[in-house]
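**Student:** here you go, sequence then predicted model.
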Amino acid sequence: MSALRLGSAFVLGALVAALGALILGEYEFEGSLPWAAGPLLGLVVAEVVVSVGRQRGALVGLAVGALSFGAVAWAG
């Protein structure tokens, strides 16, 4: 059950990251926007993954960071 929950958490996290990238892609990345939007998107993605997966740790954090980085890179 735990592996299924964690797997679905990462799928939902990837969907949230993709949605965030599409929303952030509508704005110009100038000034302080990337410095504010990147961490906030990372917090939202991390909250979804941790809430659904119910697991925390270094590997989960690295995966969420990679998802968030990919979303901001895609948006910019």
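**Tutor:** Here it is on my side, so go on.
**Student:** and the biggest helix by length in the chain, how far out from the chain's middle?
**Tutor:** As assigned by DSSP state H, the longest helix anywhere in the chain is helix 2-24. Put simply, helix 2-24 sits 7 Å off its chain's centre (C-alpha atoms, centre = their mean, to the nearest Å).
**Student:** which outside residues touch that helix?
**Tutor:** With contact meaning C-beta atoms under 8 Å, 6 or more residues apart in numbering, helix 2-24 is reached by 37, 41, 44-46, 48-55, 60, 63-64, 67-68, 70-72, 74-76. For glycine as for every other residue, the C-beta is placed from the backbone atoms N, C-alpha and C.
**Student:** put the buried members of those residues into a PyMOL selection.
**Tutor:** To isolate the buried members of the contacts of helix 2-24 in PyMOL, using 16 or more other C-beta atoms under 10 Å:
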select buried, resi 37+41+44+45+46+48+49+50+52+53+60+63+64+67+68+71+72+75
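**Student:** among the contacts of helix 2-24, name the ones in helices.
**Tutor:** 37, 41, 44-46, 48-53, 60, 63-64, 67-68, 70-72, 74-75.
**Student:** against Leu12, how distant is the residue nearest to the spatial centre of the chain?
**Tutor:** By C-alpha atoms, centre = their mean, the chain has its centre lying nearest to Val45, at 3.3 Å. Separation of Val45 from Leu12 (C-beta to C-beta, to the nearest Å) stands at 9 Å.
**Student:** again, but for Ser32
**Tutor:** 29 Å.
**Student:** report the mean per-residue pLDDT for stretch 27-41.
**Tutor:** Per-residue pLDDT over stretch 27-41 has a mean of 87.
**Student:** try stretch 58-68
**Tutor:** Here the average pLDDT along stretch 58-68 is 93.
**Student:** so how far is it from its chain's centroid?
**Tutor:** 8 Å.
**Student:** dump that stretch to PDB, keeping only the CA atoms.
**Tutor:** Output of stretch 58-68 as PDB, limited to C-alpha atoms (Å, rounded to 0.1, in the frame of the first residue of the first chain):
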ATOM      1  CA  ALA A  58      15.800  13.100   1.600                       C
ATOM      2  CA  LEU A  59      14.900  11.100  -1.500                       C
ATOM      3  CA  VAL A  60      11.400  12.500  -1.600                       C
ATOM      4  CA  GLY A  61      12.800  16.000  -1.200                       C
ATOM      5  CA  LEU A  62      15.300  15.500  -4.000                       C
ATOM      6  CA  ALA A  63      12.500  14.200  -6.300                       C
ATOM      7  CA  VAL A  64      10.200  17.100  -5.400                       C
ATOM      8  CA  GLY A  65      13.100  19.600  -6.000                       C
ATOM      9  CA  ALA A  66      13.700  18.000  -9.400                       C
ATOM     10  CA  LEU A  67      10.000  18.300 -10.300                       C
ATOM     11  CA  SER A  68       9.900  21.900  -9.200                       C
END
